[in-house]
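1. Quick one, what's the 3D model for this:
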Amino acid sequence: MRKIVIGGRGLVEGYGGGELLVSPEPISFYGGVDPLTGVVREPNHPLEGKSIAGKILVFPRGKGSTVGSYVLLSLKDRGKAPAGIVNIRSEPIIIVGCVLAEVPLMDRPDKNPLEVLKSGMWGRITVQGRKARLEVIP
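-> Now for the predicted structure:
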């Protein structure tokens, strides 16, 4: 496998690296993710039972209550936040949560990450200003 590079729009600056955790379904941080452990607990969600802590979390968009922003902050305070987030299209809940928790965030990828990435791959996300880059290393 060759290195995969995906560019996109930078929303929250920063750098993170780790294992990718990819979901074709939106994620609700309020009710869908345990704020103490970082484990996805939404019934029948593709990531149910998996921890998002320290992962590069890739999913289409957020959903649910605005309280989800504060769940991301709580996860950061407990060392259980993702190392970075890649969305197809971010919405305010995810953007505000990433700003509060200082989690690098990008969206509008130039390749559909849901088609080219799989959970278990390793990558690093770099967001500088309006430019973002996700590199997936073989």
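
2. residues touching the residue nearest to the spatial centre of the chain, list them.
-> Using Cα atoms, centre = their mean, the residue of the chain that lies closest to the mean C-alpha position is residue 85, 2.4 Å off. By Cβ atoms under 8 Å, 6 or more residues apart in numbering, the contact set of residue 85 is 56, 57, 58, 59, 94, 98, 103, 104, 105, 106. Where you see a C-beta, it was placed from the backbone N, CA and C, and this is true even at glycine.

3. next one: residue 93
-> Residues in contact with residue 93, defined by Cβ under 8 Å, 6+ apart, are 29, 62, 63, 64, 65, 66, 68, 69.

4. Which positions in the helix or strand hosting the last one come out as buried?
-> Assigned by DSSP states H and E, residue 69 falls within helix 67-77. Judged by neighbour count using 16 or more other Cβ atoms under 10 Å, the buried positions of helix 67-77 are 68, 69, 70, 71, 72, 73, 74, 75, 76.

5. can you check stretch 47-67 too?
-> Buried, per 16+ other Cβ under 10 Å, within stretch 47-67: 47, 51-60, 62-64.

6. And it, how far out from the chain middle?
-> 6 Å (Cα atoms, centre = their mean, to the nearest Å).

7. what does stretch 18-32 give?
-> 7 Å.

8. Ends of that stretch, what's the gap?
-> By Cα to Cα, to the nearest Å, the extent of stretch 18-32 from end to end equals 22 Å.

9. what about residue 119, which SS state?
-> coil (DSSP: H, G, I helix; E, B strand; the rest coil).

10. Residue 118 contacts residue 20, doesn't it?
-> Yes: contact status for residue 118 versus residue 20: in contact at 7.3 Å, counting by Cβ atoms under 8 Å.

11. Those two: which is more packed in?
-> Set residue 118 next to residue 20 and count neighbours by other Cβ atoms under 10 Å: residue 20 wins out with 22 against 12.

12. What score does that one have for pLDDT?
-> The pLDDT attached to residue 20 in the predicted structure is 97.

13. still on that earlier bit, could you single out the nearest of the buried residues of stretch 47-67 to residue 16?
-> Using Cβ to Cβ, residue 56 comes nearest to residue 16 of the buried residues of stretch 47-67, at 6.4 Å.
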